[in-house]
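*Asks:* Turn this into a structure:
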Amino acid sequence: MPPRRSVRSKGPAYKKGDYIEYDYKGSLVTGKLNKKSLNGTEANPIWIVTPMDRRRRDEEIQEKLLGKVISAIEAMNNRGPLLF
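*Replies:* Okay, the predicted model is just below:
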């Protein structure tokens, strides 16, 4: 009988349009994945994320720094006030 091999979890599979949580300067914030950045590599992809709090512009974030995928309802509830 062949030896058993461990099965490793690849973690969450992110895709365009997902709402995610990520760390920004020590705070947990939410954002929406727009697309993969051209600056990333296959081994270390980088995503362009639109923050949901409306205070910052799109950010490039390494995939390994992204948190869990959340629902659109959760993302809208975590959104900050509209700033003019």
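
*Asks:* Output the contacting helices and strands for the helix or strand bottoming out on mean pLDDT in the chain.
*Replies:* Lowest on mean pLDDT, DSSP states H and E among the helices and strands of the chain sits helix 72-77, with a mean of 84. Using 3 or more C-beta pairs under 8 Å, 6 or more residues apart in numbering; DSSP states H and E, the elements in contact with helix 72-77 are strand 19-24, strand 27-36. C-beta here means a position set from N, CA and C on the backbone, and glycine is covered the same way.

*Asks:* Buried residues in that helix, which are they?
*Replies:* residue 75 (16 or more other C-beta atoms under 10 Å).

*Asks:* Neighbours of the residue nearest to residue 15 when sequence neighbours are not counted, how many?
*Replies:* Spatial nearest neighbour of residue 15, excluding adjacent residues (C-beta to C-beta, 6 or more residues apart in numbering): residue 33 at 7.1 Å. Close neighbours of residue 33, defined as other C-beta atoms under 10 Å, add up to 20.

*Asks:* quick revisit: make CSV out of the helices and strands packed on helix 72-77 and add mean pLDDT and distance to residue 52.
*Replies:* Below are the helices and strands packed on helix 72-77 laid out as CSV (pLDDT from 0 to 100; distance: least, C-beta to C-beta, whole Å):
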stretch, mean pLDDT, distance to residue 52
strand 19-24, 91, 7
strand 27-36, 92, 4
